[in-house]
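Novice: When you get a sec, could you give me coordinates for this:
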Amino acid sequence: MAALRRRLFLTALTLTQAVVIPSALATDDWILLLQNKQCPECRLSDADLVHADLRDADLSGAKLQRANLSKARLDGADLSNADLSFTSLHGASLRGSNLTGAKLYGTDLRDCDLTGALLDTNALEEAHWRGAKGITTQSQSHAALHNAGVSAAKAERWTQAEDLFGKAIIKQPETAESWVARAIAREKLGKRKLAIQDFSYASQLFEKQGSIVPAKQLQAAAISLQEKTVTNETGNGVGSTLLGGLISTSQALLPIAMKLFMPTLGL
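Specialist: Here you go, the predicted structure:
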């Protein structure tokens, strides 16, 4: 009778949810999760749980390496200390979920909703998170934010670049390179007055650090842009010729942490 109930449950599940059930994964743990949503420390590596409704599920400490949870509903789920290495959560809803202690190495979090989710400091350092909503600066390091801004700038996604450089500045306001990078993004977006402010502040930071040459170059850039503003002169952005020397556009947008491993910077 138990075996019959199990077969009936699996049949009903495949008819009502977009969930693929490989025979090797049709285990008691797997059924327990989808039936009761209580499966701490489950072994669900490589499971296909696309579109699964796992709201408020207990998956604490679960082994979910390489599992496919794309578009899954995981609002309020407990994923603390879970292994989500190379797991796909693309487009999943994780609002209010608990991801503290979770292993997020190579995890695909693109386009997911992390609003209100609990994450460790710099938790997304090795995950892919482009397009994700609800991410706070606490879950990302300054280097990750700055380098993501670099990638956005190289793809000429200037609005996104400005936002990412701004978040990097909030994280580490004394790093002049992020101010320079945001100034370039703002000039590209036609926000010349804001670009001038960023260049001027970056100049002050370099001067404070004893880097006199770049400080003077940036101040000259700010003055040049101010003159263009007064004369209503238009242009195609700052460019390397305006900045010159060490503070060229290309150099200002180089990642500041080349040795830091971040899979495609989440972009």
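
Novice: Output stretch 46-53 as PDB, restricted to C-alpha atoms.
Specialist: Output in PDB follows, covering the C-alpha atoms of stretch 46-53 (Å, rounded to 0.1, in the frame of the first residue of the first chain):
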ATOM      1  CA  ASP A  46      21.700  17.100  -9.600                       C
ATOM      2  CA  ALA A  47      18.000  17.100  -8.800                       C
ATOM      3  CA  ASP A  48      15.800  18.800 -11.400                       C
ATOM      4  CA  LEU A  49      13.400  21.000  -9.500                       C
ATOM      5  CA  VAL A  50      12.500  23.600 -12.100                       C
ATOM      6  CA  HIS A  51       9.400  25.600 -11.100                       C
ATOM      7  CA  ALA A  52       9.100  23.600  -7.800                       C
ATOM      8  CA  ASP A  53       7.000  25.200  -5.100                       C
END
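
Novice: Could you pull out the buried residues of it?
Specialist: Neighbour-count burial for stretch 46-53, counted by 16 or more other CB atoms under 10 Å, picks out 47, 48, 49, 50, 52, 53. C-beta coordinates here come from the backbone N, C-alpha and C atoms, glycine included.

Novice: quick one, what contacts the residue nearest to residue 40 when sequence neighbours are not counted?
Specialist: In this structure, residue 40 finds its nearest non-sequential neighbour in residue 60, 4.7 Å apart by CB to CB, 6 or more residues apart in numbering. Under the criterion of CB atoms under 8 Å, 6 or more residues apart in numbering, the contact partners of residue 60 comprise 40, 41, 78, 79, 80, 81, 82, 98.

Novice: at 10 Å instead, please
Specialist: When the contact criterion is CB atoms under 10 Å, 6 or more residues apart in numbering, the partners of residue 60 are 39-42, 77-82, 98, 100-102.

Novice: Residue 108 too?
Specialist: In this structure, residue 108 makes contact with 68-70, 84, 86-92, 127-130, 263, 266, judged by CB under 10 Å, 6+ apart.

Novice: I'd like the average pLDDT over the helix ranked longest in the chain.
Specialist: Ordering each helix of the chain by length in residues (DSSP state H) puts helix 212-230 first. Across helix 212-230, the average pLDDT comes to 81.

Novice: and if you look at stretch 77-96?
Specialist: On average, stretch 77-96 scores 98.

Novice: Span of it from start to end?
Specialist: The stretch stretch 77-96 measures 8 Å between its terminal residues, going by CA to CA, to the nearest Å.

Novice: hang on, the earlier thing: which among the contacts of residue 60 count as buried?
Specialist: Restricting the contacts of residue 60 to buried positions leaves 39, 40, 42, 77, 78, 79, 80, 81, 82, 98, 102, with burial counted as 16+ other CB under 10 Å.

Novice: Appreciated, that's everything.
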